[in-house]
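A.B. asks: The following comprises the amino acid sequence and a computationally predicted model.
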Amino acid sequence: MRRFTPEQATRTLPLVRRIVEDVQSAYRRYEAARESLAAAPRGDAAARDRLQGACDEAAQELADLARELEAVGCEVKDPAIGLVDFPGEIEGEEALLCWLAGEPEVAFWHTREAGFAGRRPIPAPARR
C-alpha cells in the first residue's frame, strides 16, 4: 500500500478532483433513481425495471470510479460530499490524510479509528 506525504497527496488533486466530480454526479443519479424506484407504483413493472436499471448503472459507475481512485492510491469515503482519504503518516504514526471536494490542498488528517469526526489540521512540519 502506497503512503503519501501531504505534498504528494496534494499533487494528485488535479486527477482526484476530476474523478471525485464524476463520483458525486454518479451518486446523485443513483440517489435520484433509488428514490424514484421507491416511489414507483408496484404495478408498473416497466417503470420499475427502467428505474432499477438506472440504479444498477449508477452503482456500477460508482464502483468503477472507486477503483480509479484506488489506482491512484486513495479511497472515496463519502461520495455525496466528495470525501477522500490517502494513507499516510503524521509524526511517525499511521494516518489518513483527508481531503474534501472544494479544498485547495490536502491539509487535514485523522486516525483510522477517529474517522472524519477526528479530522484535524496537518502540522506544518509534516506538510513537506
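C.D. replies: Sure, I can see it.

A.B. asks: how close does the residue most central in space within the chain sit to Thr5?
C.D. replies: Centroid-nearest residue in the chain: Val76, 2.5 Å away (criterion: Cα atoms, centre = their mean). Val76 sits 20 Å away from Thr5, going by Cβ to Cβ, to the nearest Å. In this view, the C-beta of every residue, glycine as well, is placed from N, C-alpha and C.

A.B. asks: can you check Leu13 too?
C.D. replies: Counting by Cβ to Cβ, the gap from Leu13 to Thr5 is 14 Å.

A.B. asks: re earlier: report the secondary structure state of the residue nearest to the centre of the chain.
C.D. replies: When classified by DSSP: H, G, I helix; E, B strand; the rest coil, Val76 comes out as strand.

A.B. asks: Can you list the residue ranges for helices in the protein?
C.D. replies: 6-11, 13-39, 45-72 (DSSP state H).

A.B. asks: now those helices in a markdown table, with mean pLDDT?
C.D. replies: Listed next are the helices of the chain as a markdown table, based on pLDDT from 0 to 100:
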| stretch | mean pLDDT |
| --- | --- |
| helix 6-11 | 96 |
| helix 13-39 | 96 |
| helix 45-72 | 96 |
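
A.B. asks: Pick the most buried one from the ones you listed.
C.D. replies: Using mean count of other Cβ atoms under 10 Å, the stretch among the helices of the chain with the greatest mean number of neighbours is helix 6-11 (a mean of 18).

A.B. asks: For Arg28, which residues are in contact?
C.D. replies: Under the criterion of Cβ atoms under 8 Å, 6 or more residues apart in numbering, Arg28 has no neighbours.

A.B. asks: and if we set it to 10 Å?
C.D. replies: 58, 79-80 (Cβ atoms under 10 Å, 6 or more residues apart in numbering).

A.B. asks: Same check on Val106?
C.D. replies: The neighbourhood of Val106, defined by Cβ under 10 Å, 6+ apart, consists of 4-13, 16, 74, 84-86, 88, 97-100, 122, 127.

A.B. asks: Now it: phi and psi?
C.D. replies: Listed backbone geometry of Val106 is phi -90, psi 110, with angles given as degrees, to the nearest 10.

A.B. asks: Please name the nearest non-neighbouring residue to it.
C.D. replies: Spatial nearest neighbour of Val106, excluding adjacent residues (Cβ to Cβ, 6 or more residues apart in numbering): Ala9 at 4.0 Å.
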